[in-house]
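Asks: I need the structure of the sequence given here:
(one chain, ligands or ions: 1)
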Amino acid sequence: VYYVADEINTIDPFIAASHDVLGAECDRCYRWLAHKFFRKDSSQKTGYSPRCVVCESEKSMTIAEHTARLHERNNSSHATKAQRHDDQDEFRKTYARRGRVMHTSDVLLKVRRHVPNLYVLEGGIKGDLALYLTEDQPQPKWVGKNYLYLGYIAYDWLPEFSLYEFDDNRDVMIRESERGWRTVLLQFIKQGVLTEQQCDKEFGKPSSAGSSVWYKRLQQYRTSKEVADSDGVN
Ligand SMILES: [Zn+2]
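Replies: The predicted model follows:
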């Protein structure tokens, strides 16, 4: 499943008709794209790489995802292993936290209305999608890369808020068992990808019974503006 920037995804008939001058077909994704989506390469007859910048980035995107997920897994195991979590009683409300179930395709469709350069690759773990922002040019704010890894989402029906597995003997949370779509939205808000207003407009207000941690995390974010999650448990 691929969702790409509207501009990169739209076949421009003018470009397609006069590709010698204005654009080319990527030899991997077969899209007709303007030349700005290709790296200049003097060893090529055309003067451009045969592969578009997004396709050229995919290998390093995969590595970026892998690194981020290891990091996230370590963080969350640290956060959940040690002791009772402050919000543990809230996380126990599995029925309330399941809330309004949505399919990933609907979630991403809504997000893309506000984030046209959202790019989705099959994730490193089966059934997961890896989410990126992409640009046609390398970005200084992304340390010279033309993509930013945002996180992952299962391709499935998703609970509204993430669900967690408990060790009932020790009365502690063990790990996230299902990632909620609002957990992904919260990451987007913290990363500056979506605003709270855009979220409300597309997704409405949270289902009330399971929403207390959501509001707490939003409040923490508004106060601190910290991009990094305190412990990744939402
Ligand atoms: Zn391509």
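
Asks: gap between the helix or strand residue 120 falls within and the chain center?
Replies: For residue 120, the host element (DSSP states H and E) is strand 118-122. Remark: strand 118-122 is offset 8 Å from the chain centroid, using Cα atoms, centre = their mean, to the nearest Å.

Asks: and after it, which helix or strand comes next?
Replies: strand 128-139.

Asks: note down every partner strand of that following strand and its orientation.
Replies: strand 118-122 (antiparallel), strand 145-154 (antiparallel) (DSSP bridges).

Asks: pLDDT weak spots in this structure?
Replies: 1-22, 77-83, 225-232 (pLDDT under 70).

Asks: quick revisit: is the ion contacted by the strand holding residue 120?
Replies: No - using Cβ under 5 Å from the ion, strand 118-122 stays clear of the ion, coming no nearer than 11.1 Å. Backbone N, C-alpha and C define where each C-beta goes, glycine included.

Asks: hmm, residue 213 is touching residue 161, no?
Replies: Yes - Residue 213 is within contact range of residue 161, at 7.1 Å (criterion: Cβ atoms under 8 Å).

Asks: overlap in contacts of these two?
Replies: Shared contacts of residue 213 and residue 161, defined by Cβ atoms under 8 Å, 6 or more residues apart in numbering, are found at residue 234.

Asks: okay, the two: which has more neighbours?
Replies: residue 161 (30 against 23; other Cβ atoms under 10 Å).

Asks: ranges for the strands of this structure?
Replies: Along the chain, counting by DSSP state E, strands occupy 23-25, 32-34, 38-40, 48-52, 102-103, 118-122, 128-139, 145-154, 157-158, 163-167, 172-178.

Asks: tabulate those in a markdown table, adding columns for mean neighbour count.
Replies: Output for these, formatted as a markdown table (neighbours: other Cβ atoms under 10 Å):
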| stretch | mean neighbour count |
| --- | --- |
| strand 23-25 | 20 |
| strand 32-34 | 21 |
| strand 38-40 | 16 |
| strand 48-52 | 20 |
| strand 102-103 | 15 |
| strand 118-122 | 21 |
| strand 128-139 | 18 |
| strand 145-154 | 20 |
| strand 157-158 | 19 |
| strand 163-167 | 16 |
| strand 172-178 | 17 |
